[in-house]
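Participant: For reference, the sequence and a predicted model appear below.
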Amino acid sequence: MNDTLRLIYNGRAIACADIPCCDQDRFLQTILAMTGRGWRVSSYCGFPAGETTTLYCLLASPADGVLGIMQTVCSGTEFPSLAVQCPQLQLFEREIAEQCGIRFIGHPWFKPVRFVRSAVGRQDAWGRPDDQPIQVGVMDYYRVEGEEIHEVAVGPVHAGVIEPGHFRFQCHGEQVFHLEISLGYQHRGIEQLLMGGPHPQTLRQMEAIAGDTSIGHGQAYCMVVESLSKTRPPAAAEALRGVALELERLANHTGDLGAIAGDVGYLPTASFCGRIRGDFLNMSAFICGSRFGRGLLKPGGTVFGLDQAQREELQNRLATGRAELTSAIELLWNTPSVMSRLEGTGAVSAESALEMGLVGPAARACSLKRDVRSDYPFGIYRMAQVPIATAHHGDVCSRSMVRWEECQKSLDFCVEQLRQLPSGSHAVEPKPLLGDHLTVALTEGWRGEICHLAITGPDGRFKQYKICDPSFHNWQGLAMALRNEQISDFPLCNKSFNLSYCGFDL
Amino acid sequence: MMMSILFHILLLLLMPPLLLGVINKTKAAFAGRLGAPYFQPYYDLAKLFRKGSVFSSTTTWIFRAGPVVTLAATLVAALLVPLGNHPAIISFNGDMILFAYLFGLARFFTTSAALDTGSPFEGMGAAREVTFACLVEPTLFFILITLARMSKSLSLTPMLIYPSPAVWQDAGAAMLLLVGALFVALLAENCRIPFDDPNTHLELTMIHEVMVLDHSGPAFGLILYGAALKLFVLGAVFVNLALPFKSGNLLIDWIAFVAAMLLLAVLIGVVESVMARLRLIRIPQLLVAATILSAFAMLLIVR
């Protein structure tokens, strides 16, 4: 196995030459063998070079904190699909097909992921003519036939102020047989923008991959640059980054718990959480001037530091936030009508979660212990542990419970870090990037695992860059959560996942 | 007397939106907010009536007739109901049947207009509306039959003015069951929490709101006003049953009625604040429970 899979650690760079290049069969067999042993596919991507395509697969070990990477070369326009044996690959394979023009043979539902053409001008995997633009929103959808079946299409224009996405329900009365989610309306070509980078604007673009996960993606990018340049950010910066990441988690979890309460029509918690979310956002603004933590991070450290008075002010605000949030959320658990609405709604079994490779709170709600902060610790989490919160039923109630427990753990963590924030400088100047190296940076954003994989060319500029937002893993989880549920429960299930559209569309 | 009738009509026409304002203010207070002004629903209506309309080219005259017929039916029903101790404007033997079927007519046109758009959401909303209506109507009929039996009359005015403190003393159990069943029916018919959430705009979960998604401008204003009027009418029935205060003095009776209606609005606001919506699949259970309550009330009276 070791001659196929190169073991690496989160946030460490390795020379590209050190990654063994194995043949197709070996590559595919290793994926099946390792996922069979409980490893997870963290990223699977293809980079076209001339007539051939190099495929990389990043696997994450369940136990000992290591990651494994391997590569193979696909020289034709066809490649065997493993989606049937290993369902967590299905979306990755479709993405590779779209980006590299490779047809995956045996894929059960082979269709494009977004509405874009292969960036390298290869022949389209679906044989769509080159001279016609790809029609946005036009694609085949799974259909259930029958006289009593009706189809409901929602979006891409939304009633709320959220992002565009299209949802197709196959319903029998109020019961949902199947939900198909079609995204790609927000594609901005972020990965293409990164070619030849880092550019002066790259960090700003990274913070905007998913606007509510600025710190999560920003930190992953900083880790990429730091590992490729062998730069070590000072301890004060690592701690502050941790605080910022947890504040982001707190703000989003609070907002979502409020929105879940709003969706079941429970007003008090909805209103309180809406305001308390603002308080947490303002704490981020207090640190760096942006409510979403934009402009706090930079490769090599942070732009801002915290003095004694600011730390005390933040600690006071956190104490108030904790008290108010606790009373608002406790209301939920103590109201029988709310609990009866949340319990048993939109359940995902642990087996399906494992098969689909869910990450983040959605996976932890299905009793899977997955958390980058403790599995593949990075930054401050190497020194300070955050306990993993899990629940067991995989329903909306479990996802809400997990979020609330994570809020509490994050509050503990922030208070602890602010009390003992290391002194000293908060940034160093990063050195130039190493050439011909590959690095992997995983962070735990509030939605789950964020994976950035970068390869530099000989000149130390990015040759390839692959971003995997947690939403990429989890959208399928939402579709499965709706199976045989009531269609009227969709908004509630959707909110309990609250996945990113633009993080998926890139 | 003439003054009283004039006041009766004015109250009937002008007060309904205020109830919504009071409900929203109560909910805001529970949520720790200041809330919209009491008269916000009037401002909203004024805004809607100034707007233009957009009609889908797939719709027919049914779509345009929906809001008008619905409001007209509700207005006629409103004239049949006594307000507090004041007899209805129109009253005749058997008007309770007309009263019940006017709501049926209103519902028929609302759902037909929804189906006319051909939108899957509106179809779903219409299906939900008629399903739940099937379960609310028996409750209303049991209540009316029980009252008819108690008051030995088939006209709404004597039926609804009949309950008095003395009646409550004699048949307290039956009255309590009636009031409970009527309150559930009131919330269900007016699409309030726990049956429907008038505040959400999530097309997949709504019942009433989803049926009127395609209406705009004045037509939508008519729908909102009609909904407020329906709340007022059923609220007046409820108040007559639950708070049978009668002084005999015109002015005091009017004040008592208005105060009771506002109190009812606060009560609805409190219910909406302290509980979540029911899962859609559980709604029939609660409605059937209300029917059983009203059936027991009838049994107690008839035995």
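Facilitator: Perfect, I can see it now. Residues are numbered from 1 along each chain as shown, chains lettered A, B, ... in the order given.
Participant: how about low-confidence regions in the chain?
Facilitator: Using chain A. Per-residue confidence of chain A (counting by pLDDT under 70) places the weak regions at A:1-2, A:120, A:159-161.
Participant: ah, no, chain B please
Facilitator: B:201.
Participant: can you map out the helices along it?
Facilitator: B:2-14, B:16-30, B:40-50, B:61-79, B:95-116, B:120-151, B:156-161, B:165-170, B:172-189, B:208-211, B:217-242, B:250-274, B:283-302 (DSSP state H).
Participant: mind putting those helices in JSON lines, mean neighbour count and distance to A:L368 included?
Facilitator: The way it works is simple: take the backbone N, C-alpha and C, and place the C-beta from them, glycine included. Compiled in JSON lines, the helices of chain B are given as follows (neighbours: other C-beta atoms under 10 Å in any protein chain shown; distance: least, C-beta to C-beta, whole Å):
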{"stretch": "helix B:2-14", "mean neighbour count": "13", "distance to A:L368": "59"}
{"stretch": "helix B:16-30", "mean neighbour count": "21", "distance to A:L368": "38"}
{"stretch": "helix B:40-50", "mean neighbour count": "15", "distance to A:L368": "47"}
{"stretch": "helix B:61-79", "mean neighbour count": "19", "distance to A:L368": "50"}
{"stretch": "helix B:95-116", "mean neighbour count": "20", "distance to A:L368": "43"}
{"stretch": "helix B:120-151", "mean neighbour count": "20", "distance to A:L368": "35"}
{"stretch": "helix B:156-161", "mean neighbour count": "23", "distance to A:L368": "60"}
{"stretch": "helix B:165-170", "mean neighbour count": "12", "distance to A:L368": "59"}
{"stretch": "helix B:172-189", "mean neighbour count": "21", "distance to A:L368": "41"}
{"stretch": "helix B:208-211", "mean neighbour count": "24", "distance to A:L368": "36"}
{"stretch": "helix B:217-242", "mean neighbour count": "22", "distance to A:L368": "46"}
{"stretch": "helix B:250-274", "mean neighbour count": "18", "distance to A:L368": "36"}
{"stretch": "helix B:283-302", "mean neighbour count": "18", "distance to A:L368": "34"}
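Participant: Columns distance to A:Q315 on top of those, output as JSON lines?
Facilitator: Listed next are the helices of chain B as JSON lines, based on distance: least, C-beta to C-beta, whole Å:
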{"stretch": "helix B:2-14", "distance to A:Q315": "55"}
{"stretch": "helix B:16-30", "distance to A:Q315": "31"}
{"stretch": "helix B:40-50", "distance to A:Q315": "41"}
{"stretch": "helix B:61-79", "distance to A:Q315": "57"}
{"stretch": "helix B:95-116", "distance to A:Q315": "55"}
{"stretch": "helix B:120-151", "distance to A:Q315": "48"}
{"stretch": "helix B:156-161", "distance to A:Q315": "62"}
{"stretch": "helix B:165-170", "distance to A:Q315": "59"}
{"stretch": "helix B:172-189", "distance to A:Q315": "46"}
{"stretch": "helix B:208-211", "distance to A:Q315": "45"}
{"stretch": "helix B:217-242", "distance to A:Q315": "49"}
{"stretch": "helix B:250-274", "distance to A:Q315": "33"}
{"stretch": "helix B:283-302", "distance to A:Q315": "47"}
